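[1] build me a structure from this.
(2 chains)
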There are 2 protein chains.
Amino acid sequence: MSLYRTFSAVDAVEYARQFGAVPDPHTLVVADEIGDGNLNLVFKIRDTQGVSRVIVKQALPYVRCVGESWPLTLDRARIEAETLLVHAQYCPQHTVKVLHHDAALAVMVQEDLSHLHIWRRELVDGQAYPQAAAQVGEYLAQVLFHTSDFYQHPHEKKAAVSRFINPELCQITEDLFFTDPYRDHERNRFDTALRPTVEALWRDAALKRAVAALKHRFLANAEALLHGDIHSGSIFVGPTTLKVIDAEFGFYGPIGFDIGTVLGNLLLNFCGLPGLLAPRDAAAARDNRLQDITALWHAFSVRFSALIEVYGRDPALVESGYAEQFLKHVWQDTLGYAGTELIRRAIGFSHVADLANIVEPQARHACQRHAVELGKTLILTASDIPDAAALLARVRQSGA
Amino acid sequence: MSLYRTFSAVDAVEYARQFGAVPDPHTLVVADEIGDGNLNLVFKIRDTQGVSRVIVKQALPYVRCVGESWPLTLDRARIEAETLLVHAQYCPQHTVKVLHHDAALAVMVQEDLSHLHIWRRELVDGQAYPQAAAQVGEYLAQVLFHTSDFYQHPHEKKAAVSRFINPELCQITEDLFFTDPYRDHERNRFDTALRPTVEALWRDAALKRAVAALKHRFLANAEALLHGDIHSGSIFVGPTTLKVIDAEFGFYGPIGFDIGTVLGNLLLNFCGLPGLLAPRDAAAARDNRLQDITALWHAFSVRFSALIEVYGRDPALVESGYAEQFLKHVWQDTLGYAGTELIRRAIGFSHVADLANIVEPQARHACQRHAVELGKTLILTASDIPDAAALLARVRQSGA
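    The predicted structure follows:
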């Protein structure tokens, strides 16, 4: 077993030569540290032509954006690699390829995706990738079905639940999604102009009860091996391709959490567009987001049902009609979790460019308020929103 | 570490002398094997006066009532001992005391309870223990609250979920409660007279969907450290005392499963009484069962709510009103799981004396049919049964 040490650029190049599975390892010469995330070192390993060939990603033993005062387990690197490997088994076309990983070094070598773009940046720029939402839906259906009780043998699933116990990363979600935004907490971040909106959250008992139920299901319901952090910043897109990265939050949780996180990020973009683009472009991009939402749920639910129909193995759960019943529960969860993502990204610890990049403060605040109000609506009225069409109607109403 | 070997009576005495925590170990001289369960050797260790002083319980590596063809993990002995130790931490007055356990030998020494009686036998004989139902409610509230997300820190709970992963014993429940009774399976056992009733189950698509949902929650929802098999045969009662034993099915599962199992056994007794006792005695005993049901839920729900109020630690889950909302979900689950217990004990693999002891076949069949029909009602109409009073009304209606 290797012993943990933080990689320098030289270490990263050496490691990529050894484990990068490139045919000409000696041509790898430069490592650019590009980690813009909060938790890791990320090196692009370039060859003598300057071409990026593989990625070396190493977990740091603390939260990078906060510093060494917030320690964080290195075991997340193992969980990330193992989650990606499981997901690649069931949806290789949309899961970043892990070429090598080492749990003790907390390091992973993965395929280079420089030819693709981070979806969030494209969404913020108003660039449409009309196939992306359906591709994410396909990814979620494949990976969540194949790790659910519909497919996995109960013995295998229980062993996997244990292997993917992820306390520290889950706690980040437990705190940042479900706890902090609903009370006065030092980690919340919002401009003074938002204070009345935020204080209304803190006083809203019905909302807090509904969020408690969502948190409880996040804590207790081990429905499938989630990605756990599938926002538009952990998705690479190209004209025909989509790849999911960054699975260190992987654990067995409620299926609606993953779908809700993606949905929430599409809605965050919807809320931010009027502050990001000129009116006509914003309106067109908003229409695209609404189409994305429909495509996401349609692709997920149609594929998930079809997989149960064809490959479902649990003799009780494959009962005709149960898939549909279960998907109603997933849809309800999806709406609720999307709502929590909208709220926490607008006023919590971790913001998104879709809102934060809006330069003009009044416009930014209006978009942030919209995100909070839409989030509340989804959480509180989920049971009155039976399907994607009803959701679009609510979203359009909210856009006043 | 000791190596596993099956204990003889002599081994059991020797072990009790060593680990029984009795002040006069040399007086222990005789071991009576009394295991009437399906899975274990159970020795009563008597002293020179013939007094039973401690119990030595050893897991066998196969299902005893089937034989060596059905192997079963010895790890269940560790899980049983550890579950009982956790439960004793929170409800010592109603949990059998574990004096010693050894995982490798799959053996446990526990306190002797010869002064008490198995509750099922008393229920079958029409003996009332008016305090028992409330005591079980107290036990369930204490052990389930203290191992739930309301109380346990998420890190501790996740570690405990992993430690109590119990695949083989859970599979017995998954198969015998939720799968076999709803299709033609060789493990089902029922007289030919019951066949029309049973075949109606196999054809009832709505029922099978509802049972699929219950099974899915049993598989996925890790709400608390359940006893996992708390029927009236795993409860000892006395005039003022109640002790729960036999926790080898312990795992993190849905809270309503434990409560529903107890409730289901009270209802099985209710269904069987007209076949077991003379009409007037049966009617009186039935009234007692209905009172037991009210007392069970009342004791559980009042204590569980009070514990959340006073000791709840999760800042989101202690939100005012959420406990009540969660208890509604638990009540719904309780009704459903009670329904599955009624059905599987009437026509599945493992029967109960409350029905099986009815000598006259026609009377037995009538009571078994009643159990099946009542089980169906609970599973299918749970959402129309808001509280214990409504349940009693349904049960009285069903007793026609």
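
[2] ranges for the strands of chain A?
    Secondary structure of chain A (DSSP state E): strands located at A:28-33, A:40-47, A:52-59, A:62-63, A:67-71, A:98-102, A:107-111, A:117-118, A:224-226, A:235-237, A:242-244, A:251-253.

[3] what helices or strands is the fifth one leaning on?
    Read it as strand A:67-71. strand A:62-63 (3 or more C-beta pairs under 8 Å, 6 or more residues apart in numbering or on different chains; DSSP states H and E). (Glycine included, C-beta is placed from N, CA and C.)

[4] which outside residues touch the strand it packs on?
    Here strand A:62-63 makes contact (C-beta atoms under 8 Å, 6 or more residues apart in numbering or on different chains) with A:38-39, A:68-72.

[5] can you list the strands that it pairs with?
    In the sheet, strand A:62-63 lines up against strand A:67-71 (antiparallel) (DSSP bridges).

[6] if we can go back for a sec, ranking the strands of chain A by burial, who's on top?
    When the strands of chain A are scored by mean count of other C-beta atoms under 10 Å in any protein chain shown, the highest mean neighbour count falls to strand A:224-226 (a mean of 28).

[7] how about the residues of the stretch 201-350 of chain A near chain B?
    Contact residues, the stretch 201-350 of chain A versus chain B (C-beta under 8 Å from any C-beta of the partner chain): A:205, A:208-209, A:211-213, A:215-216, A:219-223, A:314-317, A:319-322, A:325-326.

[8] ok, of these, which come out buried?
    A:208-209, A:211-213, A:215-216, A:219-223, A:314-317, A:319, A:322, A:326 (16 or more other C-beta atoms under 10 Å in any protein chain shown).

[9] on that earlier part again, just the ones of the residues of the stretch 201-350 of chain A next to chain B in helices?
    A:205, A:208-209, A:211-213, A:215-216, A:219-220, A:322, A:325-326 (DSSP state H).

[10] and chain A, what are its domains?
    Chain A breaks down into these domains under automatic domain parsing: A:9-111, A:117-398.

[11] quick check, nearest of the contacts of strand A:62-63 to A:His100?
    Nearest to A:His100 among the contacts of strand A:62-63: A:Leu39, at 19.7 Å, using C-beta to C-beta.

[12] that closest one touches A:Ser234, doesn't it?
    No. Using C-beta atoms under 8 Å, A:Leu39 is not in contact with A:Ser234; the gap is 11.8 Å.

[13] without its sequence neighbours, what residue ends up closest to the residue of the stretch 1-150 of chain A found nearest chain B?
    Here the stretch 1-150 of chain A gets closest to chain B at one residue, A:Asp149, 4.5 Å apart by C-beta to the nearest C-beta. Using C-beta to C-beta, 6 or more residues apart in numbering or on different chains and skipping residues adjacent in sequence, the residue nearest A:Asp149 is B:Leu219, 4.5 Å away.

[14] so the one you found sits against A:His155, correct?
    No. Shown here, B:Leu219 and A:His155 do not form a contact pair, counting by C-beta under 8 Å, at 11.4 Å.

[15] if we can go back for a sec, what's the most distant pair in the ones in helices among the residues of the stretch 201-350 of chain A next to chain B?
    Within these, A:Ala205 and A:Tyr322 form the most distant pair, 34.4 Å apart (C-beta to C-beta).

[16] distance to B:His94 and mean pLDDT added to the strands of chain A, as a markdown table?
    Formatted as a markdown table, the strands of chain A follow (distance: least, C-beta to C-beta, whole Å; pLDDT from 0 to 100):
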| stretch | distance to B:His94 | mean pLDDT |
| --- | --- | --- |
| strand A:28-33 | 59 | 96 |
| strand A:40-47 | 49 | 96 |
| strand A:52-59 | 45 | 96 |
| strand A:62-63 | 44 | 76 |
| strand A:67-71 | 41 | 73 |
| strand A:98-102 | 48 | 97 |
| strand A:107-111 | 49 | 97 |
| strand A:117-118 | 56 | 98 |
| strand A:224-226 | 36 | 98 |
| strand A:235-237 | 52 | 98 |
| strand A:242-244 | 49 | 98 |
| strand A:251-253 | 32 | 98 |
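
[17] format those as a markdown table; extra columns: distance to B:Leu335.
    Listed next are the strands of chain A as a markdown table, based on distance: least, C-beta to C-beta, whole Å:
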| stretch | distance to B:Leu335 |
| --- | --- |
| strand A:28-33 | 58 |
| strand A:40-47 | 48 |
| strand A:52-59 | 46 |
| strand A:62-63 | 45 |
| strand A:67-71 | 45 |
| strand A:98-102 | 46 |
| strand A:107-111 | 48 |
| strand A:117-118 | 49 |
| strand A:224-226 | 27 |
| strand A:235-237 | 42 |
| strand A:242-244 | 40 |
| strand A:251-253 | 26 |
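
[18] of these, which is nearest A:Ala366?
    Of all the strands of chain A, strand A:117-118 sits nearest to A:Ala366, with 25.5 Å by C-beta to C-beta.

[19] which residues sit against that closest one?
    Against strand A:117-118 from outside (C-beta under 8 Å, 6+ apart): A:127, A:232-233, A:235-238.

[20] out of those residues, which is nearest to B:Asp11?
    A:Ile235 (61.5 Å).

[21] ok, back up a step: out of the domains of chain A, which gets the lowest mean score?
    Sorting the domains of chain A by mean pLDDT places domain A:9-111 lowest, at a mean of 92.

[22] look up the closest residue to A:Ala134, ignoring the ones flanking it.
    A:Ala134's closest residue in space is A:Ala299 (C-beta to C-beta, 6+ apart), at 4.0 Å.

[23] list the contacts for that neighbour?
    A:133-138, A:141 are the contacts of A:Ala299 under C-beta under 8 Å, 6+ apart.

[24] quick one, helices of chain A?
    A:9-19, A:75-90, A:119-124, A:132-146, A:154-163, A:167-178, A:195-203, A:205-220, A:255-276, A:279-311, A:322-347, A:353-356, A:361-381, A:388-398.

[25] give the buried residues for the third one.
    Which is helix A:119-124. A:119-120, A:122-124.

[26] dump these into JSON lines; add distance to B:Gly228 as well.
    Below are these laid out as JSON lines (distance: C-beta to C-beta, whole Å):
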{"residue": "A:Trp119", "distance to B:Gly228": "44"}
{"residue": "A:Arg120", "distance to B:Gly228": "45"}
{"residue": "A:Glu122", "distance to B:Gly228": "50"}
{"residue": "A:Leu123", "distance to B:Gly228": "47"}
{"residue": "A:Val124", "distance to B:Gly228": "50"}
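
[27] among these, which are in reach of chain B?
    Of those, not one also sits near chain B (C-beta under 8 Å from any C-beta).

[28] next one: phi and psi at the residue of the stretch 1-150 of chain A closest to chain B?
    Main-chain torsions, A:Asp149, degrees, to the nearest 10: phi -70, psi -20.

[29] pull the number of nearby residues for it.
    Counted by other C-beta atoms under 10 Å in any protein chain shown, the residues lying close to A:Asp149 total 25.

[30] what residues are up against the residue nearest the centre of chain A?
    Taking C-alpha atoms, centre = their mean, the centroid of chain A lies closest to A:Ile230, which sits 1.3 Å from it. Counting by C-beta under 8 Å, 6+ apart, A:Ile230 touches A:136, A:140, A:244, A:258, A:261-262.

[31] repeat that for 7 Å
    A:244, A:258, A:261-262 (C-beta atoms under 7 Å, 6 or more residues apart in numbering or on different chains).

[32] who wins for most neighbours among these?
    Going by other C-beta under 10 Å, A:Val262 tops those with 31 neighbours.

[33] and it, what does it touch?
    Counted by C-beta under 7 Å, 6+ apart, A:Val262 has contacts A:136, A:230, A:296.

[34] wait, which of those residues is closest to B:Val98?
    A:Ile230 (44.2 Å).

[35] before we move on, back to that, dihedrals phi and psi, the residue nearest to the centre of chain A?
    Taking degrees, to the nearest 10 as the convention, A:Ile230 sits at phi -90, psi 70.
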